[in-house]
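K.L.:
Provided below for reference: sequence and predicted model.
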Amino acid sequence: MSSPVLAALDVGTNSFHLVIARMRSGGGFDIVTREKEVVRLGHGGGEMKHLEPEAIQRGLAALERMAQLADSQGAPLRAVATSAVREARNADDFLDAARRVGVNIEVISGVEEARLIHLGVLQAVPYFDRRMLLIDIGGGSTEVLIGEHGQTLTARSFKLGAVRLTDRFFRKGEVTEDALDECRSYVRAALTTFEREVRRTGFDAVVVSSGTAEAVARMAHLAEADSPLRTYNCFTFGIDAVHRAVERLAAAPSTRARAEIPGVDDQRADIIVAGAVILETVCETFGVEELTYSEFALREGVLLDTLERRAGGGMHHLRNVAMRSVRHLAERCDDDLAHSAHVARLALQIYDGTQDIHGLEPACRNYLEAAALLANVGLVISHSKHHLHSYYVIRNTDDLTGFTDHEIEIVALVARYHRKSEPKPSHAEFGRLESEWQRVVRVLAGILRVAIGLDRSHDQRITSIAVHREGHRLVLDLHPKRGTSDLNLECYAAADRGDLLEDATGLELRFRPISLRSAP
């Protein structure tokens, strides 16, 4: 039996990158083919608030071609979009049109983008055991991450991209000394907020990825050699080479002249100055002396991430990443973590006990656990309507890694419906879901409501729940902790919140306290 083939597509601000690979049985992958198209989906010197109709059409045409290529290889396609799409107010227009041509695109946060790039880079550069500073300069944003042993120690996404800063400082390809100084100052000011964290965490190796980094690496090599390397992966160059590249690029009188510099792709010549300045300033700000180029980046990280998701229970890396990020957000925003953690335990017991009834996919259990732990993060904003605030916090934080954009939406909605109004099609976010996902939200939110009721006193007096079906009833046997004799409040609160779960399962809920004396 042949190994599966997967395709990953990076829907970037400047370019779309497709990679198709055959998965190895022992882990990893072998590249089948690559495809790249310069689309220029995003533009703007500040916020990229709008995708122009012409850019959307270019993007859709590229998507169709790349989807056809993936289909010709029998490769399921996973596509992720970065800064241009996540910032655009009309992103839904593009995403809806992409679905019509057969491509479902996940919009990922900057920090999740950094994590996936890190995952990809580790397949190309042998720095797993070193504390790595990773720098990836895209068209709309720059991701900076410090990682070690495959784990993210700290990460940040900056709205500093080669296209974005070209639009702001070097329009029409003109490069002046004043524009260079202004660009450097702008980049340095943005990086300052992260400088202390980078220096506190420290690093002993630096890896750069992206088209800008490759161009600078090529320039560094070809400045001292007559012919290009067959591959620049793992090519190492120093900060002096970066300085010389910026000087040479800035001295070129036009975009056409920059395209003639050995190492510079003519499709990147108009934005390479801004990209090189970003790289130079990042190195100066964080004290970088030597850099190693990685040929792998986001799309390869998406491949590995997809492979790990498909592996399910055999690989726990993704779940660990996701739940660490959930707990981190909960610790920042929830002042009663013990209650939330206990509710999560009770909710999972109810979920497991009703598995044969609801029949949800295993991943839904993770969504329920995350939603239970995060249901009260909205309290950091206000107690009034905190369920709505919880949705906002979960949906807009950059801290949740290891989840797709769709998964974050499901977690946020389950948390949003942990109290007050039940899910309704008239609610915009819920109404946009496909019917199967609306059912998932209803079942999980129904379970969460009951679990919250069963810790109404916030003192964890119910230690465990045994669930079984008796005809048209769903009976929950409640086991109290030693010394507890009264579960009336918990039973009342759970019953009061049980309508949604009853409706979702079609069964009548009954709560039965188990006396410690009668327990076997």
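P.N.:
That came through, no problem.

K.L.:
ok, residue 127 to residue 112 distance?
P.N.:
For residue 127, the distance to residue 112 equals 21 Å [Cβ to Cβ, to the nearest Å]. (Each C-beta comes from the backbone N, C-alpha and C, glycine too.)

K.L.:
Hmm, I typed the wrong one, I wanted residue 369.
P.N.:
Distance of residue 369 to residue 112, computed by Cβ to Cβ: 19 Å.

K.L.:
just residue 296 next, same as before
P.N.:
Distance, residue 296 to residue 112, by Cβ to Cβ: 17 Å.

K.L.:
the more surrounded of these two?
P.N.:
residue 112 (29 against 22; other Cβ atoms under 10 Å).

K.L.:
Quick check: that one is in a helix.
P.N.:
Yes - assignment of residue 112 by DSSP: H, G, I helix; E, B strand; the rest coil places it within a helix.

K.L.:
residue contacts, the closest residue to it other than its chain neighbours?
P.N.:
Once flanking residues are discounted, residue 112 sits nearest to residue 401: 4.9 Å by Cβ to Cβ, 6 or more residues apart in numbering. When contacts are counted by Cβ atoms under 8 Å, 6 or more residues apart in numbering, residue 401 touches 109, 111, 112, 115, 152, 321, 322, 325.

K.L.:
Looking at those residues, spot the one nearest residue 443.
P.N.:
Among the contacts of residue 401, residue 322 lies closest to residue 443 (Cβ to Cβ), at 20.1 Å.

K.L.:
just checking, next helix/strand downstream of the helix or strand hosting the closest one?
P.N.:
Element membership for residue 322, per DSSP states H and E: helix 317-333. Next along the chain after helix 317-333, taking DSSP H and E as the criterion, comes helix 337-353.

K.L.:
Show me what counts as buried in that next one.
P.N.:
Neighbour-count burial for helix 337-353 flags 339-351, 353 (criterion: 16 or more other Cβ atoms under 10 Å).

K.L.:
Could you pull up the mean pLDDT of the next helix or strand after it?
P.N.:
Downstream of helix 337-353, the next assigned helix or strand under DSSP H and E is helix 355-358. For helix 355-358, the mean per-residue pLDDT is 94.

K.L.:
What of stretch 79-93?
P.N.:
For stretch 79-93, the per-residue pLDDT averages 93.

K.L.:
do the same with stretch 453-472
P.N.:
The predicted model assigns stretch 453-472 a mean pLDDT of 93.

K.L.:
start to end distance for that stretch?
P.N.:
End-to-end distance for stretch 453-472, by Cα to Cα, to the nearest Å: 22 Å.

K.L.:
what comes into contact with it?
P.N.:
336, 338-339, 342-343, 346, 349-350, 352-354, 357, 474-481, 484, 487, 489-490, 492-498, 507-508, 510-511, 514.

K.L.:
Return the set of buried residues in it.
P.N.:
The neighbour-count check on stretch 453-472 (16+ other Cβ under 10 Å) flags 453, 454, 455, 456, 460, 461, 462, 465, 467 as buried.

K.L.:
what about the fifth one, distance to residue 345?
P.N.:
When you say that, I think you mean residue 460. 9 Å.

K.L.:
Would you map the strands across this structure?
P.N.:
5-11, 15-23, 29-38, 77-81, 105-107, 132-137, 142-148, 151-158, 205-209, 236-238, 290-293, 462-470, 473-480, 508-513 (DSSP state E).

K.L.:
Between those, which one is closest to residue 171.
P.N.:
Set against residue 171 and scored by Cβ to Cβ, those come closest in strand 29-38, at 18.2 Å.

K.L.:
Give me the buried positions along that closest one.
P.N.:
Along strand 29-38, these residues count as buried under the neighbour rule (16+ other Cβ under 10 Å): 29, 35, 36, 37, 38.

K.L.:
Just give me the residue right at the centre of the protein.
P.N.:
The centroid of the chain falls nearest to residue 112 when counting by Cα atoms, centre = their mean (3.0 Å).

K.L.:
In this structure it contacts residue 407, no?
P.N.:
No - contact criterion Cβ atoms under 8 Å: residue 112 and residue 407 do not qualify, at 10.6 Å.

K.L.:
I'd like the strands of the chain laid out as CSV, including distance to residue 97.
P.N.:
Shown next, in CSV, are those (distance: least, Cβ to Cβ, whole Å):
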stretch, distance to residue 97
strand 5-11, 12
strand 15-23, 15
strand 29-38, 17
strand 77-81, 13
strand 105-107, 10
strand 132-137, 27
strand 142-148, 27
strand 151-158, 26
strand 205-209, 29
strand 236-238, 41
strand 290-293, 35
strand 462-470, 45
strand 473-480, 44
strand 508-513, 44
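
K.L.:
any low-confidence regions in the protein?
P.N.:
Applying pLDDT under 70 to the chain flags residues 1-2, 26-27, 44-46, 311-321, 398, 402, 516-520.

K.L.:
So in it, which helix runs the longest?
P.N.:
Looking across the chain with DSSP state H, the single longest helix is helix 177-201.

K.L.:
Distance of the residue nearest to residue 101 when sequence neighbours are not counted relative to residue 122?
P.N.:
Spatial nearest neighbour of residue 101, excluding adjacent residues (Cβ to Cβ, 6+ apart): residue 64 at 5.0 Å. Per Cβ to Cβ, residue 64 is found 32 Å from residue 122.

K.L.:
Comparing those two, which residue is more hemmed in?
P.N.:
Set residue 64 next to residue 122 and count neighbours by other Cβ under 10 Å: residue 122 wins out with 22 against 14.

K.L.:
For burial, what's the neighbour tally of the residue nearest to the more buried one when sequence neighbours are not counted?
P.N.:
Among residues not flanking residue 122 along the chain, residue 128 sits closest, at 5.7 Å (Cβ to Cβ, 6+ apart). Residue 128 is flanked by 12 other residues according to other Cβ under 10 Å.

K.L.:
And for the one 10 residues further on?
P.N.:
Counted with other Cβ under 10 Å, residues neighbouring residue 138 total 33.

K.L.:
For it, which residues are in contact?
P.N.:
Contact analysis of residue 138 by Cβ under 8 Å, 6+ apart lists 12, 13, 14, 82, 83, 161, 162, 210.

K.L.:
next one: phi and psi at the second one?
P.N.:
Read it as residue 13. The phi/psi pair for residue 13 (degrees, to the nearest 10) reads phi -70, psi -40.

K.L.:
Next, the contact list for it, please.
P.N.:
Residue 13 makes contact with 40-42, 48, 82-84, 138-141, 161, 163-164, according to Cβ under 8 Å, 6+ apart.

K.L.:
what about residue 126, distance to residue 464?
P.N.:
Remark: distance between residue 126 and residue 464 (Cβ to Cβ) = 47 Å.

K.L.:
and what of residue 109?
P.N.:
For residue 109, the distance to residue 464 (Cβ to Cβ) stands at 36 Å.

K.L.:
Next: residue 480.
P.N.:
Look at residue 480 and residue 464: by Cβ to Cβ, they are 9 Å apart.

K.L.:
ditto for residue 340
P.N.:
Going from residue 340 to residue 464 by Cβ to Cβ gives 18 Å.

K.L.:
what's the answer for residue 405, then?
P.N.:
Applying Cβ to Cβ, the value for residue 405 to residue 464 is 35 Å.

K.L.:
ditto for residue 158
P.N.:
For residue 158, the distance to residue 464 - Cβ to Cβ - is 47 Å.

K.L.:
Thanks a lot, see you next time.
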